[in-house]
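Novice: Based on what follows, work out the 3D shape:
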Amino acid sequence: MAIIGEDGIKYSYDSEELIRELKSDIEEFGNFRARAYYKRENGAKLYTDYQFEEDDVEGAYDLVDAAFLLKYLNKQNDPM
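Specialist: Predicted structure coming up:
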């Protein structure tokens with residue numbers, strides 16, 4: 001499905017490894033809160049990494065539930 005940018009173009013980001021890691025963490029820790037790091041491509045938000053909420057870090061991120069992030073990563077991983 002990909003993510004649609006402000007220009008109307010669909011953007012995707014290879015997230016397979018991140019999806020595997022997140023599924024494993026959800027299985028181990030449940031639906032935890034995560035700092036989800038992203039980049040923007042013409043307004044399309046593409047998540048590139050995550051860390052557990054308790055990690056003290058700086059940068060461009062959203063605070064999201066792991067289940068939401070997993071659903072979003074699956075969408076952005078779709079090449080179109």
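Novice: pretty sure Asn42 is in contact with Gly8, am I right?
Specialist: No - counting by C-beta atoms under 8 Å, Asn42 does not reach Gly8; the two are 9.1 Å apart. Where C-beta positions appear, they are placed from N, C-alpha and C, glycine not excepted.
Novice: Of those two, give the one with the bigger neighbour count.
Specialist: Comparing Asn42 with Gly8 by other C-beta atoms under 10 Å, the one with more neighbours is Asn42, at 11 against 8.
Novice: Show the pLDDT at the nearest residue to that one once chain neighbours are set aside.
Specialist: The shortest distance from Asn42 to any non-neighbouring residue, by C-beta to C-beta, 6 or more residues apart in numbering, is to Gly5 (3.7 Å). The confidence metric pLDDT takes the value 95 at Gly5.
Novice: swap in Ala60?
Specialist: Looking at Ala60, its pLDDT is 69.
Novice: What ranges in the protein fall below the confidence cut-off?
Specialist: Applying pLDDT under 70 to the chain flags the ranges 55-60, 80.
Novice: ok, longest helix in it?
Specialist: Criterion DSSP state H: the longest helix present in the chain is helix 16-29.
Novice: And the next helix or strand past that one?
Specialist: Once the chain leaves helix 16-29, the next helix or strand it forms, by DSSP states H and E, is strand 33-41.
Novice: Which secondary structure elements does the longest helix of the chain sit against?
Specialist: With contacts taken as 3 or more C-beta pairs under 8 Å, 6 or more residues apart in numbering; DSSP states H and E, helix 16-29 sits against strand 44-52, helix 66-77.
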